[in-house]
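Peer 1: Need a 3D model of the sequence below.
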Amino acid sequence: MFKFNAQLMFEAEIRPFQAFAERRGPFVDIYMRLEPEGQSWPDDLTEPGALVICDETGNPIDYVVQSEGCDCEYRFTESEKEQLRRYIAEQRLIEKCQIE
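Peer 2: I've put the predicted structure just below:
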């Protein structure tokens, strides 16, 4: 992750959990809480989470880092986005949302 307009960056191995998906018009919003794998978060990132916005076919179009359930100034790296994509596919979150 990196902070918007900051030079510092850290790459996290993240573990998503408590994920849920909901349909919003032509989009699917996937919310999940995050835990770091073997490291800690920056002090100003509290109760980290992710919002992944997907198009109607399930392709992610935006990734938003959340702190205490609100958007924040951090951004995901490409590696972290890939970890989130993999989790969404493994958990079949898009398919589950379409069934409901």
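
Peer 1: When you work out contacts or count neighbours from here on, use the C-alpha atoms and nothing else.
Peer 2: OK.

Peer 1: Would you confirm that S67 contacts P42?
Peer 2: No: taking contacts as CA atoms under 8 Å, S67 lies outside contact range of P42: 11.0 Å.

Peer 1: Settle it for me: which of those two has more neighbours?
Peer 2: S67 (18 against 9; other CA atoms under 10 Å).

Peer 1: For R92, grab the count of nearby residues.
Peer 2: Around R92 there are 11 residues (other CA under 10 Å).

Peer 1: List the contacts of it.
Peer 2: Listed by CA atoms under 8 Å, 6 or more residues apart in numbering, the contact set of R92 is empty.

Peer 1: What is the lowest-mean-pLDDT helix or strand in the chain packed up against?
Peer 2: Taking mean pLDDT, DSSP states H and E as the measure, the helix or strand of the chain with the lowest value is helix 93-99, at a mean of 76. Counting contacts by 3 or more CA pairs under 8 Å, 6 or more residues apart in numbering; DSSP states H and E, helix 93-99 packs against strand 14-24, strand 27-36.

Peer 1: and of these, who's closest to K96?
Peer 2: If you check each of the helices and strands packed on helix 93-99 against K96 by CA to CA, strand 14-24 wins as the nearest, at 7.9 Å.
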